[in-house]
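Q: no sequence for this one, just the structure:
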DNA sequence: CATGAATGAGGGTTCATTCAT
DNA sequence: CATGAATGAACCCTCATTCAT
């Protein structure tokens, strides 16, 4: 029933509402949705439990808001791939780059999403699945385009290939740390290299002799 | 504290205890650990709530039992890779085959594991992470071995490469359906092909012209 | 409803039933009646929970049996005081001696009694109170007898005096340890001395100058 | 862990929190701690079970609060005896008076204390024992002082004498009734008389002939 | 807007007791 | 006699949500 956050919440820059959502995201990531109590969220956001309900209708609203924000970027990416005129190789490069930059930007919320999305109520869950399918289809189309253009191996099964690409990209949220040893740029370069080669595109020939692992 | 299931449970073929664990696994997969009540598990297993406690000490025990079973096969795989004398290409084939056959065999429990493992208490969680690290290291060693043998591209970063391989293999539990369009054999073949090529091994040259997607 | 232990239980020397009651007494003393589970009692007596019920009808039966044994000696003592022809001073000596020897002999069960008797169901509780009142009346009569004989101070309130005597005697179960520094003989001597003097009987005149504390 | 009642509870005169503690004390006295359910306490205090938990963290907290209040007065008494300059006879008079006035004032809570203190968790129990030991030592010192001053019989064992005094004083909670035949003043006078004489102090000589039982 | 109080449904767990084998 | 299995009632506690002030 209650879907949208209350009106006024969107208006201010870093509004109280955003502070609440961010606090909830951090807690949900660390302790899970069910493992986090409304009281904890209120405390983390600097209000009391009662006051919190001036900004939300339901605990689930918070989860929805987080999931929504987590998907904003990815959702757009699928559409861009479809309308783009680039060749498949460039599209794949673009997909890796944008997908992982999105991951970098919304890391916490995306991690919450991966942790909790299977617990979402049916309607929400279906919505998510639908978006994911759209995105996956865009990747499949990309593979087929590459095969048509002759740059991707012709024998590839598009479903498996898309699954492999998405699995690799989606896995990053689980282990990437902003202050870790690997920068996101390195991840993007490395994965682009691996994924292109996996579909049969010769890449980085110049480095093949010169560089070590 | 209480970790082991009560003794007698293990003895019979498909004992009552196993029925309970299976029922719990199915429910946890569908509704999540927190979303499943002890009463539901008891009903699904054909007992009353009180009777259930003859077989378990705690709801968490059930989750542990499931997670444990989910990991039995994978844990062994890592060690086998380390001691094997095969070359890196064969090892990678073996890893894909065994990993995914394990996924096929314990599908429900592995799905529960992926859904719930981030909510495990610290000690358990650390244990899981340790096992995963061991496995990941085995894969990294495999990649390095391939580079040493000259069959894998020398420029690969072993961490990213291992991450990509594992991401691909681990993703299967999320979408594979025993009665789906793709058989596990097809998945194994397709992923072996993609992963070998991603690390720079020329594969299936004969099919490159002949077969379509 | 169920009051008596099952018939056969009484027959053997140190029967299984007695072992059970003793085990229960020790546990009740240490953990309380409510804090002790039937399973623990069964284990301590070397049977399983199910088997235990061949010897008892109810957990409460065990408590009753313990309380009963705890009172056997004291109950008799009251009657003996009433029928005795001794003078009040000797009667008081006798009461202290017998009461505390009874405490020494049934220490564990008496401690259980003092710990749990206020939780007994009404009927049982009333029974206990009745016995206690009888005993107390015997002590009051003793005091009055002493006053009539001219050996006890005439101004004493018999109720308060009896209360004080009983309080002193009943307190021993709480702190006496068979392996402690004080032997029961020393306790008996010390309390006899104190109580006699409290009622106005000159005692131990010979030691008054010679001995230190 | 959680020991203190929630903050606001202390502020008002007869606050809701106090009403709850009083209700719990009355129930614990009548039915025992284990025998009283949280629901009953809530009902007796005029709230629902859920609301009760705004004021307490745990059922045990209620018991602690009661035990604490029960000990406030007695704890102080021990210290006063130690620092007092009075002679032993006056100190004993003071001890009886103050101890029993404390009993009178906190009768219900003290009765709960005596009924339940053996079931307290170790840490709490040890705390109580420590306080009791301190108090007992103060009484022993009082006896020794009396012996040094020459007013108490020299041969008394201080441990037994203190035990007897405390047993007498502590027994009052078990049978004293505010609306009973004996007033607390009478109890105090009677016990003072008995206890003084028990330690060898001649008392009430004038009444010896004049008054009857 | 803010909040402390109140609620009620539900959850996991314990345990004395019964009973078929 | 012995026992493992089963039961069901009760218990303590948590928590999202509502509401009067």
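A: Good, I have the coordinates. Predicted model only: the values in this text are computed from it and were never measured.

Q: C-terminal to the helix or strand hosting residue A:112, which secondary structure element comes first?
A: Using DSSP states H and E, residue A:112 falls within helix A:107-116. As assigned by DSSP H and E, the chain's next helix or strand after helix A:107-116 is helix A:122-149.

Q: rewinding a little: I'd like to know if the helix holding residue A:112 reaches chain B anywhere along the stretch.
A: Yes: Helix A:107-116 is in contact with chain B by C-beta under 8 Å from any C-beta of the partner chain, via residue A:115. C-betas here are computed from N, CA, C, even on glycine.

Q: any idea of the mean pLDDT in that helix?
A: The pLDDT scores in helix A:107-116 average 94.

Q: name the helices or strands packed onto it?
A: Packing partners of helix A:107-116 (3 or more C-beta pairs under 8 Å, 6 or more residues apart in numbering or on different chains; DSSP states H and E): helix A:16-31, helix A:59-83, helix A:158-175.

Q: Comparing those by mean pLDDT, which bottoms out?
A: Among those, helix A:59-83 scores lowest, at a mean of 88.

Q: chain center to that helix, what's the gap?
A: Relative to the centre of its chain, helix A:59-83 is centred 8 Å away, using C-alpha atoms, centre = their mean, to the nearest Å.

Q: relative orientation of the next helix or strand after it and helix A:122-149 in degrees?
A: Going down the chain from helix A:59-83, the next helix or strand is helix A:88-105, by DSSP H and E. Inter-element angle recorded for helix A:88-105 and helix A:122-149: 150 degrees (by axes from the mean of the first three to the mean of the last three C-alpha atoms, to 10 degrees).

Q: Buried residues, helix A:88-105. List them.
A: A:88-89, A:91-100, A:102-104 (16 or more other C-beta atoms under 10 Å in any protein chain shown).

Q: what does that helix rub up against?
A: A:73-74, A:77, A:80-81, A:84, A:86, A:110, A:139, A:142-143, A:145-146, A:149, A:151-152, A:165, A:169, A:172-173, A:176, A:178, A:184, A:187-188, A:191-192, A:195-196, A:199, A:201 (C-beta atoms under 8 Å, 6 or more residues apart in numbering or on different chains).

Q: repeat for stretch A:57-73
A: A:2-3, A:5-6, A:20-21, A:24-25, A:28, A:33, A:38, A:41, A:56, A:98, A:102, A:105-106, A:109-110, A:112-113, A:116-117, A:120-121, A:124, A:128, A:131.

Q: ok, now with 7 Å
A: For stretch A:57-73, contacts defined as C-beta atoms under 7 Å, 6 or more residues apart in numbering or on different chains pick out A:2, A:5, A:21, A:24-25, A:28, A:33, A:38, A:56, A:102, A:105-106, A:109-110, A:112-113, A:116-117, A:124, A:131.

Q: Spell out whether that stretch and DNA strand F are in contact.
A: Yes: contact of stretch A:57-73 with DNA strand F (C-beta under 7 Å from any atom of the strand) involves A:57-60.

Q: care to break chain A down by domain?
A: Residue ranges for the domains of chain A, per automatic domain parsing: A:7-57, A:70-210.

Q: Give me the distance from the first one to the chain's centre.
A: I take that to be domain A:7-57. On C-alpha atoms, centre = their mean, the centre of domain A:7-57 falls 21 Å from that of its chain.

Q: Just want the residue of chain A that's nearest DNA strand E.
A: residue A:50 (2.4 Å; C-beta to the nearest atom of the strand).

Q: Run through the neighbouring helices and strands of the helix or strand harbouring that residue.
A: Using DSSP H and E, residue A:50 sits in helix A:49-52. Where contact means 3 or more C-beta pairs under 7 Å, 6 or more residues apart in numbering or on different chains; DSSP states H and E, helix A:49-52 is packed against helix A:38-45.

Q: what helices or strands is the helix it packs on leaning on?
A: Using 3+ C-beta pairs under 7 Å, 6+ apart: helix A:38-45 touches helix A:16-31, helix A:49-52.

Q: circling back: of the contacts of helix A:88-105, just the buried ones, PyMOL syntax please.
A: In PyMOL syntax, the buried subset of the contacts of helix A:88-105 is picked out as below (16+ other C-beta under 10 Å):
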select buried, chain A and resi 73+74+77+81+110+139+142+143+145+146+151+152+165+169+172+173+176+184+187+188+191+192+195+196+199+201
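
Q: quick one: residue A:178 from chain B, how far?
A: 17 Å (C-beta to the nearest C-beta, to the nearest Å).

Q: contacting residues for that residue?
A: residue A:107.

Q: Chain B contacts on chain A?
A: A:32, A:34-35, A:115, A:118-119, A:144, A:147, A:153-161, A:163-164, A:167-168, A:171, A:175, A:187, A:190-191, A:194-195, A:197-198, A:200, A:204, A:207-208, A:211-213 (C-beta under 7 Å from any C-beta of the partner chain).

Q: buried subset of those residues?
A: A:32, A:115, A:118-119, A:144, A:147, A:153-161, A:163-164, A:167-168, A:171, A:187, A:190-191, A:194-195, A:197-198, A:200, A:204, A:213.

Q: picking that back up, which among the residues of stretch A:57-73 next to DNA strand F count as buried?
A: Buried among the residues of stretch A:57-73 next to DNA strand F by 16+ other C-beta under 10 Å: residue A:59.

Q: got the residues of stretch A:57-73 next to DNA strand F as JSON lines, with distance to residue C:46 columns?
A: Output for the residues of stretch A:57-73 next to DNA strand F, formatted as JSON lines (distance: C-beta to C-beta, whole Å):
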{"residue": "A:57", "distance to residue C:46": "61"}
{"residue": "A:58", "distance to residue C:46": "56"}
{"residue": "A:59", "distance to residue C:46": "52"}
{"residue": "A:60", "distance to residue C:46": "55"}
